[in-house]
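**Q** Model the following, please.
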Amino acid sequence: MKDIRNAPNEVLDIMQFEHWLRFYFVEEVDGKLELRVPDEEMERIKDELPVMHSLVELLNNREITQQLCTETVCSFIAARLDGQKYPEGTITKVFDGKKFKLEMYLFSLWNRTHEAKLDEEYLFYPSWQKMFAEWKETDEVKQYIAKLTISAPGPKTTQ
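**A** Okay, the predicted model is just below:
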């Protein structure tokens, strides 16, 4: 089993990747939203992001709903990480953890504030990762993260 300290990063990566998929590849088909990843992108994902390829296969050419995405991503994470790569129960702890919640909030904030730029041109997922990481390294965002971290209530103790 691997050191569990990297588990939040792996879970975040999968969830952020799935968001990237929906951002670029959801199309309306007969009044329903479907994920439609072109064959050439499927090959690129298979070559450059092989772990994510199997997630795309689970969602591609299917009607996309919030419930389907949530169930598929959570099942994908559980099947590959919980009890396989990390000790059983690790992923539940990740989902409940402050780091995970903060990172998902920041990713959502980054995505909303950069949506127009992301929509201007197609960017392969590693470009999103790079842009997000660079954004988090700006002084303004570092200060914001520090404020969030300081203001977040810690565990209550009794003496």
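
**Q** Now do Val94: how many residues are near it, please.
**A** The local packing of Val94 (other CB atoms under 10 Å) involves 22 other residues. From N, CA and C alone the C-beta is placed, and that goes for glycine too.

**Q** can you check Leu102 too?
**A** 15.

**Q** Show residues contacting the helix or strand in which it is found.
**A** Secondary structure from DSSP states H and E places Leu102 in helix 98-120. The contact list for helix 98-120 (CB atoms under 8 Å, 6 or more residues apart in numbering) reads 8, 11-12, 15-16, 19, 23, 94, 128, 131-132, 135-136, 141, 145, 148-149, 152.

**Q** Generate a ChimeraX selection restricted to the buried subset of these.
**A** The command below creates a ChimeraX selection of those among those that count as buried (16 or more other CB atoms under 10 Å):
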select :8,11,12,15,16,19,23,94,128,132,135
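
**Q** now, which of the contacts of helix 98-120 lie within helices?
**A** 8, 11-12, 15-16, 19, 23, 94, 128, 131-132, 135-136, 141, 145, 148-149 (DSSP state H).

**Q** Alpha carbons of stretch 69-86, as PDB, please.
**A** In PDB, the C-alpha atoms belonging to stretch 69-86 read as follows (Å, rounded to 0.1, in the frame of the first residue of the first chain):
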ATOM      1  CA  CYS A  69     -21.300  11.600 -12.900                       C
ATOM      2  CA  THR A  70     -21.100  11.500  -9.100                       C
ATOM      3  CA  GLU A  71     -21.800   7.700  -9.000                       C
ATOM      4  CA  THR A  72     -19.300   6.900 -11.800                       C
ATOM      5  CA  VAL A  73     -16.500   9.100 -10.400                       C
ATOM      6  CA  CYS A  74     -17.000   7.800  -6.800                       C
ATOM      7  CA  SER A  75     -17.100   4.200  -8.000                       C
ATOM      8  CA  PHE A  76     -14.000   4.800 -10.200                       C
ATOM      9  CA  ILE A  77     -12.100   6.300  -7.200                       C
ATOM     10  CA  ALA A  78     -13.200   3.600  -4.800                       C
ATOM     11  CA  ALA A  79     -12.400   0.800  -7.200                       C
ATOM     12  CA  ARG A  80      -8.900   2.000  -8.000                       C
ATOM     13  CA  LEU A  81      -7.800   3.600  -4.800                       C
ATOM     14  CA  ASP A  82      -9.700   2.500  -1.700                       C
ATOM     15  CA  GLY A  83      -8.400  -0.900  -0.500                       C
ATOM     16  CA  GLN A  84      -6.300  -1.200  -3.700                       C
ATOM     17  CA  LYS A  85      -3.700   1.500  -3.600                       C
ATOM     18  CA  TYR A  86      -4.500   2.800  -0.200                       C
END
